[in-house]
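Visitor: The following block contains a protein sequence and its predicted model.
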Amino acid sequence: MEVIHIQLKYLFDANCYLLHNENGFYLIDTGIKKQRKKLETAITEAGCQPGDLKLIILTHGHVDHVGNAAYLRDNYGAKIAMHQGDVNMVTGGGMFADAPQSLMIKIVGFFMNVTGLGDFETFQPDILLENQSLTEYGLDAEVIQTPGHSKGSISLQTNGTLFCGDIFNGSMENITTLVNDQTALDYSAEKLRNIQAETVYPGHGKPFPKNSP
């Protein structure tokens, strides 16, 4: 399986990962709306045409991960898959729907609003994910529920790789400071540390070896 790393930068970086196997293409996260043209160009350059994209997998419901999901579904025919816990965010509740109003969350919410980064087309997901295999969709991968950053955060394990959403950045010890539930986040982080994988692909920053110091 080929992993194509698409890094979108607009005030900050956000990662999308296009997976390619014999069954087609699968996109993990979709970035912000303001970087739509760059994302679509990267998808096209990878050889993915409308009809080739089988599934859009969202690691969680924050706008920097779901900003182009509805557009890609409409134009490529792919189904959108995510966890039930974050559906309220993408159907209109907003990036921090049901989140505790901590100072960090208030600051990030204000920043997203004043910069226009919070803009995206709302949608209803086609598939609700839990702890499960994605083989029925043509992808040899396991979904792992990893709440804490958000209620519906998930990770994905496949072929020696781990896609962790926003839980880690840079190493398996550097946990996100944007927290919905600290107890759940700590539990999820420890769960992922025990997963067998060689490379970790985070939602922000560069991929890194799982056992890096």
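Guide: Arrived safely.

Visitor: Now do the contacts for the residue nearest to the spatial centre of the chain.
Guide: In the chain, the C-alpha closest to the average C-alpha coordinate belongs to residue 59, at a distance of 3.3 Å (Cα atoms, centre = their mean). Listed by Cβ atoms under 8 Å, 6 or more residues apart in numbering, the contact partners of residue 59 are 28, 29, 65, 153, 154, 155, 156, 163, 164, 165, 166, 203. Using the backbone N, CA and C atoms, a C-beta is placed for each residue, glycine as well.

Visitor: Kindly report the same for residue 76.
Guide: Residues in contact with residue 76, defined by Cβ under 8 Å, 6+ apart, are 43, 48, 50, 51, 52, 53.

Visitor: Distance-wise, check it relative to residue 52.
Guide: 7 Å (Cβ to Cβ, to the nearest Å).

Visitor: For the chain, name the helix or strand with the lowest mean pLDDT.
Guide: For the chain, using mean pLDDT, DSSP states H and E, the weakest element among its helices and strands is helix 103-115, scoring a mean of 69.

Visitor: does residue 206 sit in a helix, a strand or a coil?
Guide: coil (DSSP: H, G, I helix; E, B strand; the rest coil).

Visitor: circling back to that earlier point, ok, which pair from the contacts of residue 76 is furthest apart?
Guide: 43 and 51 (12.4 Å; Cβ to Cβ).

Visitor: Comparing these two, which residue is more hemmed in?
Guide: Between residue 43 and residue 51, residue 43 has the larger neighbour count (other Cβ atoms under 10 Å), namely 23 against 10.

Visitor: what's in contact with the helix or strand where the more buried one lies?
Guide: When elements are assigned from DSSP states H and E, residue 43 belongs to helix 36-45. With contacts defined as Cβ under 8 Å, 6+ apart, helix 36-45 is touched by 4, 6, 8, 16, 18, 25, 27, 30-31, 53, 67-68, 71, 76.

Visitor: This completes my enquiry, with thanks.
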